[in-house]
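> With the input below, show me the fold.
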Amino acid sequence: MAEGGGPDSGGSADSDSEVPAASTENQKQTIGSLLKTTLRKGDEWYLVDSRWFKQWKKYVGFDNWDMYNVGERSLYPGPIDNSGLFSDQEKQILKDHLIDELDYVLVPTEAWNKLVSWYSCLGVQRPIVRKVVEHGMFVKHCKVEVYLLELNLCENDNMDIVVTRHFSKADTIDTIEKEMRTLFNIPREKETRLWNKYMSNTYEQLNKPDSTVQDAGLFQGQVLVIERRNEDGTWPRQASHPKSSTTPSRTFTTSPKLSSSSSASISSAVINGNSTCGAGYTLNNSTATGSSLGGYNSYSSSYNYRDSQSQPGLCGLSNLGNTCFMNSALQCLSNASPLTEYFLNDQYEAEINRGNPLGMRGEIAEAYADLVKQMWLSRSSSVAPRTFKTQVGRFAPQFSGFQQQDSQELLAFLLDGLHEDLNRVKKKPYLAQRDAEGRPDEIVATEAWKNHRLRNDSVIVDIFHGLFKSTLVCPECSKVSVTFDPFCYLTLPLPMKIDRTMEVVLVRSDPQSRPIQYRVVVHKLGTVTDLCSALSRLCGIPPENMVVADVYNHRFHKIYRRDDGLNQIMDKDDIFVYEVQEENSETMNLPVYFRERHSKHAGSSSSTMLFGQPLVITVPRQNLIADVLYEKILQRIGRYVKHPLSAGIESRASASATFASCSQVAECSTSSVGNASLGGCSSPLSDGATCSASSSNGSNHSGTCTETNGVYDGEEEAMDHQVSPEPHHGQPEEEEEEASDLENGTKEDEAKTSSVPAKLFTFSVVNSYGTANISPLPCDGNVLKLNPHSTVAIDWDPDSRKMCYDEQEAEAYEKHDSMLQPQKKKATVALRECIELFTTMETLGAHDPWYCPTCKKHQRATKKFDLWSLPRILVVHLKRFSYNRCWRDKLDTVVDFPIRDLNMSEFLCDPKAGPHTYDLVAVSNHYGGMGGGHYTAYGKNKVDGKWYYFDDSSVSSSSEDQIVTKAAYVLFYQRREEEGQPCASLGGAAADDHMDLN
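Purely as a prediction, here's the structure:
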């Protein structure tokens with residue numbers, strides 16, 4: 001069954017750790033204060049798994065609303081366990097797309113040291129320490145660099161040997177060069193050069209040793225090559241790679257004799273094969289006039305060349321490390337032909353507004369123009385948009401790292417940045433917004449649009465801006481407020497699903513029944529009670545006899561209450577439902593963990609590792625005897641745990657001695673369930689005895705202990721008599737007599753006098769995480785002191801587990817018919833429905849009321865959006881992602897949107913609006929779920945009118961029937977110009993006359 005984490009993720013460094021001396025209140029105050037530490041460049045912060053941290057918060061009562069069981073020993077979190085953050089436990093490689101606060105918590109160094117001093121770290125786990133780096137051009141922004149950049153390092157003489165190393169974006173080129181010198185044993189006096197390697201034969205030299213990884217634009221998986229200078233003063237690459245494509249030299253030449261200032265300067269030449277070109281290119285785009293690459297920064301990106309006859313615009317974008325979101329947005333914008341033609345014709349140069357305080361000194365516009373020219377005017381089959389990404393990261397720090405972002409958010413930033421960089425208004429006037437106050441809509445709309453153009457006049461406004469009509473009505477005084485507001489893209493809600501499908505695993509109380517996986521349909525905003533009721537209808541177990549738990553890393557991450565909302569359960573959670581007796585004054589339900597105990601070395605405590613699936617069993621609240629608990633657990637796990645059985649009374653003494661040894665070394669497996677086979681085994685016993693198990697035809701197994709008549713037959717009927725037989729269990733008189741004789745006759749050897757076989761495992765009361773012991777439990781006739789908050793672990797030695805625990809059968813489960821039935825095909829929603837939902841009247845929420853100027857107070861008014869005017873390029877953002885305090889979801893509904901002939905005229909409330917028919921030109925796709933996934937794009941090439949699929953650096957032909965999918969996220973529509981109607985001017989003067997000149 002599916003579980004989170006690897007097989008070694010459940011261990012504890014020291015299961016006998018003591019509860020820390022610091023009081024819970026002291027811990028709460030100390031860590032709470034340290035978590036308020038301000039991020040400072042260069043400081044180190046540590047990652048802590050959110051699951052462990054939440055357990056700690058419960059234990060110390062960190063949150064005021066969760067202080068019911070402060071200091072409860074069952075909540076003690078034990079050693080810090082970060083195993084859930086790793087995709088590779090041994091190398092401690094972080095999983096992709098981890099999210100701050102959801103998956104991990106960041107704590108400063110002092111807080112980490114405090115937590116370690118109180119709780120220690122799990123096993124051999126190394127701390128996950130990361131540096132604080134600085135982002136931003138004008139407003140500096142610090143953040144912890146969670147994901148380091150992975151670079152592949154090799155030497156020019158032998159590129160087959162590649163060494164992977166991770167570097168911070170704040171590390172310098174000099175740091176990388178020193179690391180490579182060490183890795184490849186290059187003498188300090190030897191002169192070297194450092195190269196970026198792209199694709200198969202494209203190289204770019206690096207200079208400026210003090211430049212950072214971020215400034216150099218290095219990306220995830222980048223190959224760096226170090227080259228040693230020949231004895232004759234030449235460089236190997238000059239002679240051995242005459243045919244390679246070399247981008248303009250950012251030469252990085254290092255030598256102890258050379259200072260960083262002596263590095264070669266940037267050249268504008270591009271070497272391809274044996275020929276050298278100047279900064280300009282011969283263009284193969286016949287539609288572009290007066291175009292050359294002009295002032296574009298030719299070393300900003302690396303590229304591979306395509307055939308001279310290939311189509312302009314069919315240029316892929318290299319993934320620089322989780323930058324598929326950016327590539328998708330750029331490909332869509334690139335296929336918005338009015339904007340692309342504006343840049344290709346260099347119209348932007350005369351309109352750059354470097355003095356706009358809201359702009360970015362024209363740098364975003366220039367970086368985008370450079371990239372568009374590479375994609376449309378060069379012969380590159382793909383380019384690496386490193387300089388563009390670097391520029392974006394300087395002004396929008398959220399896009400500076402290598403974590404996955406949202407293509408629509410990048411698009412919104414880019415359109416706004418281009419607008420401000422190209423705003424024709426040099427000094428924005430102050431204009432107060434007026435309400436309609438009963439005036440006709442047309443007058444108010446025209447006034448609003450002209451006021452907008454007085455402050456915002458750019459190519460982006462010309463092409464992408466439209467106008468909303470917003471109507472608010474006060475529920476108390478019926479005051480009507482009408483305003484008109486500009487928009488750059490249309491965010492459409494998707495009809496929310498009322499129900500959700502959940503997959504759960506039912507563990508019945510019948511020990512011989514395998515767990516069964518079910519698929520149930522529940523109300524999306526329901527409770528755990530609703531989940532139990534839905535499952536009850538399929539399995540017949542009353543809802544009150546169910547316990548629902550989230551199993552993670554072989555432990556209960558959370559046991560849910562009946563009234564807990566299902567919004568607390570994520571789709572990725574492994575939900576188990578246990579059949580139990582309903583708790584009452586006489587019984588309670590007890591969580592049970594499986595642990596394997598390892599001795600470290602003589603004189604030290606042992607460590608434990610969780611394994612298997614935890615259980616929930618019903619036990620008496622009062623007078624629970626250890627032997628009874630042992631029998632209950634042994635009976636419950638009898639399907640996949642087999643223990644050695646005595647063959648006869650006459651060999652009880654020898655059997656007892658052998659059992660004692662066997663419990664220390666290995667226990668025999670004597671039977672199997674189904675077709676699971678444990679195979680043969682043999683383990684040494686004391687005094688030369690051996691314990692072995694053999695199988696015949698994979699079905700009938702027998703266990704045999706040899707030496708001193710210690711023979712055990714695997715008979716099921718003997719099982720009950722071999723589990724901790726005590727006098728109060730009512731042993732037969734003959735057995736009691738013989739046991740007494742044996743005991744009296746061999747008192748000198750305690751191991752051989754016991755008539756009780758050694759038990760397969762021992763008990764401990766542990767914290768709810770299973771990582772720290774609270775107290776040991778006796779395995780005899782003593783009454784156990786347990787309460788409803790207790791958690792018990794059964795501890796095995798490794799050999800006993802290996803011999804007696806059938807891993808295959810323990811993991812086996814069956815699928816209910818509900819899992820085998822095809823799921824209902826998801827309903828398709830028409831784009832029209834989304835637009836209608838957007839324009840539907842709604843009542844404002846309690847947290848976002850409207851201030852009524854008549855009532856002089858905030859009111860939950862009704863609000864309605866209408867569309868007044870639409871732009872030339874209509875960007876439609878399908879709101880697939882939804883967030884709230886407890887719920888994060890992606891709607892994978894298929895939206896059926898038209899490829900051509902989208903008639904928007906019927907949605908315009910302007911009675912004088914002309915025809916508005918749109919054709920699709922691009923789609924940004926998102927595959928996957930929350931916090932991760934992959935972005936691609938479809939684009940319609942203007943030159944040949946065909947559709948293409950853009951997947952990072954790959955470009956392939958496509959067809960219209962492939963475009964409408966559940967992955968569609970952002971749609972780009974271009975308005976069809978009616979015959980005889982001139983194309984809209986991109987200038988601002990004419991646009992002031994009527995707002996619909998877009």
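
> all helices in the stretch 351-500 of the chain, in order from the N-terminus.
In chain order, the stretch 351-500 of the chain shows helices spanning 363-376, 386-395, 407-421, 441-455, 459-464, with DSSP state H, counting those that start in this stretch as the criterion.

> least reliable of the ones you listed going by mean pLDDT?
Mean pLDDT is lowest for helix 386-395 among those, at a mean of 84.

> Quick one: closest of the helices of the stretch 351-500 of the chain to residue 850.
Closest to residue 850 of the helices of the stretch 351-500 of the chain, according to Cβ to Cβ: helix 441-455, at 18.1 Å. Backbone N, C-alpha and C define where each C-beta goes, glycine included.

> So which bits of that closest one are buried?
Of the residues in helix 441-455, those buried by neighbour count under the rule 16 or more other Cβ atoms under 10 Å are 441, 444-449, 451-453.

> Likewise for stretch 864-871?
865-871.

> between those residues, which is nearest residue 906?
For these, the closest approach to residue 906 (Cβ to Cβ) belongs to residue 867, at 10.1 Å.

> and the chain, what are its domains?
Under the assignment automatic domain parsing, the domains of the chain span 11-144, 149-401, 441-495+826-997, 584-641+760-810, 649-753.

> out of the buried residues of stretch 864-871, who's nearest residue 176?
Closest approach between the buried residues of stretch 864-871 and residue 176, by Cβ to Cβ: residue 871, at 46.2 Å.

> which SS state does that closest one fall under?
Using DSSP: H, G, I helix; E, B strand; the rest coil, the structure places residue 871 in coil.

> all helices of the stretch 751-900 of the chain, in order?
Assigned helices in the stretch 751-900 of the chain, in chain order: 798-804, 807-811, 817-820, 831-838 (criterion: DSSP H, counting those that start in this stretch).

> The nearest residue to residue 104 once chain neighbours are set aside sits in which helix or strand?
Nearest-residue entry for residue 104: residue 47, 4.6 Å, with adjacent residues in sequence omitted and distances by Cβ to Cβ, 6 or more residues apart in numbering. Under the assignment given by DSSP states H and E, the secondary-structure element containing residue 47 is strand 44-49.

> Can you list the buried residues in that strand?
By neighbour count with 16+ other Cβ under 10 Å, strand 44-49 contains the buried residues 45-49.

> Just the closest of these to residue 92, please.
Here the nearest of those to residue 92, counting by Cβ to Cβ, is residue 47; it sits at 10.6 Å.

> partner residues bridging the closest one?
In this entry, residue 47 is beta-bridged to residue 106, by DSSP bridges.

> pretty sure it is touching residue 82, no?
Yes. The pair residue 47 / residue 82 is scored as a contact, 6.7 Å apart, by Cβ atoms under 8 Å.

> Between these two, which contacts overlap?
Contact criterion Cβ atoms under 8 Å, 6 or more residues apart in numbering; residues bridging residue 47 and residue 82 by contacting each: 104, 128.

> Contact partners for residue 565?
Counting by Cβ under 8 Å, 6+ apart, residue 565 touches 525-528, 886.

> actually residue 933, sorry about that
Taking Cβ under 8 Å, 6+ apart as the definition of contact, the neighbours of residue 933 are 404, 926-927.

> Compare those and tell me which is most surrounded.
When neighbours are taken as other Cβ atoms under 10 Å, the top entry among the contacts of residue 933 is residue 926 (27 neighbours).

> Got phi/psi on that residue?
The phi/psi pair for residue 926 (degrees, to the nearest 10) reads phi -130, psi 120.

> can you check residue 588 too?
The phi and psi torsions at residue 588 (degrees, to the nearest 10) take the values phi -150, psi 160.

> on that earlier part again, from the contacts of residue 565, pick the one nearest residue 187.
Nearest to residue 187 among the contacts of residue 565, with distances taken as Cβ to Cβ, is residue 886, at 60.1 Å.

> Quick check: pLDDT value at that closest one.
You'll see residue 886 listed with a pLDDT of 45.

> Remind me which helix or strand residue 223 belongs to.
Assigned by DSSP H and E, residue 223 falls within strand 222-228.

> Can you give the distance from that strand to the centre of its chain?
Strand 222-228 sits 32 Å away from the centroid of its parent chain (Cα atoms, centre = their mean, to the nearest Å).

> and what of stretch 558-568?
Its chain's C-alpha centre and that of stretch 558-568 lie 22 Å apart, by Cα atoms, centre = their mean.

> for stretch 944-958, same thing?
For stretch 944-958, the distance between its averaged C-alpha position and the chain's averaged C-alpha position is 28 Å (Cα atoms, centre = their mean).

> what's the answer for stretch 541-550, then?
Its chain's C-alpha centre and that of stretch 541-550 lie 30 Å apart, by Cα atoms, centre = their mean.

> In it, which residues are buried?
Of the residues in stretch 541-550, 541, 543, 546-550 count as buried by neighbour count, 16+ other Cβ under 10 Å.

> I'd like to know the average pLDDT value across the one helix or strand residue 921 maps to.
Using DSSP H and E, residue 921 sits in strand 917-927. Strand 917-927 comes out with an average pLDDT of 94.

> how about the CA coordinates for that strand, as PDB?
What follows is the C-alpha trace of strand 917-927 in PDB, where atoms were taken according to Å, rounded to 0.1, in the frame of the first residue of the first chain:
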ATOM      1  CA  THR A 917     -15.400  37.800 -33.000                       C
ATOM      2  CA  TYR A 918     -12.200  36.200 -31.800                       C
ATOM      3  CA  ASP A 919      -9.900  33.400 -33.000                       C
ATOM      4  CA  LEU A 920      -7.600  31.500 -30.700                       C
ATOM      5  CA  VAL A 921      -3.900  32.100 -31.200                       C
ATOM      6  CA  ALA A 922      -2.200  30.500 -28.100                       C
ATOM      7  CA  VAL A 923      -2.800  28.400 -25.000                       C
ATOM      8  CA  SER A 924      -0.700  28.000 -21.900                       C
ATOM      9  CA  ASN A 925      -1.100  24.500 -20.500                       C
ATOM     10  CA  HIS A 926      -0.500  23.200 -16.900                       C
ATOM     11  CA  TYR A 927      -0.200  19.500 -16.300                       C
END
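
> Name the next helix or strand downstream of it, please.
Scanning forward in sequence from strand 917-927, with DSSP H and E defining helices and strands, the next element found is strand 934-940.

> Listing partners with orientation, what would you give for that following strand?
For strand 934-940, the paired strands and their directions (DSSP bridges) read strand 917-927 (antiparallel), strand 947-951 (antiparallel).

> rewinding a little: right, so of the domains of the chain, which gets closest to residue 432?
Taking Cβ to Cβ as the measure, those were each checked against residue 432, and domain 441-495+826-997 came out nearest at 9.1 Å.

> what separates that closest one from the chain centre, distance-wise?
On the basis of Cα atoms, centre = their mean, domain 441-495+826-997 sits 29 Å off its chain's mean C-alpha point.

> can you point me to the longest strand in this protein?
Using DSSP state E, we find that the single longest strand of the chain is strand 606-620.

> Would you mark the buried spots in whatever helix or strand comes next after that strand?
Going down the chain from strand 606-620, the next helix or strand is helix 626-636, by DSSP H and E. Going by neighbour count (16+ other Cβ under 10 Å), the buried part of helix 626-636 is 626-634, 636.

> Same list (those) but as JSON lines, adding pLDDT and distance to residue 321.
Compiled in JSON lines, the buried residues of helix 626-636 are given as follows (pLDDT from 0 to 100; distance: Cβ to Cβ, whole Å):
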{"residue": "626", "pLDDT": "85", "distance to residue 321": "56"}
{"residue": "627", "pLDDT": "86", "distance to residue 321": "59"}
{"residue": "628", "pLDDT": "88", "distance to residue 321": "58"}
{"residue": "629", "pLDDT": "89", "distance to residue 321": "53"}
{"residue": "630", "pLDDT": "88", "distance to residue 321": "54"}
{"residue": "631", "pLDDT": "87", "distance to residue 321": "57"}
{"residue": "632", "pLDDT": "90", "distance to residue 321": "53"}
{"residue": "633", "pLDDT": "91", "distance to residue 321": "49"}
{"residue": "634", "pLDDT": "90", "distance to residue 321": "52"}
{"residue": "636", "pLDDT": "91", "distance to residue 321": "49"}
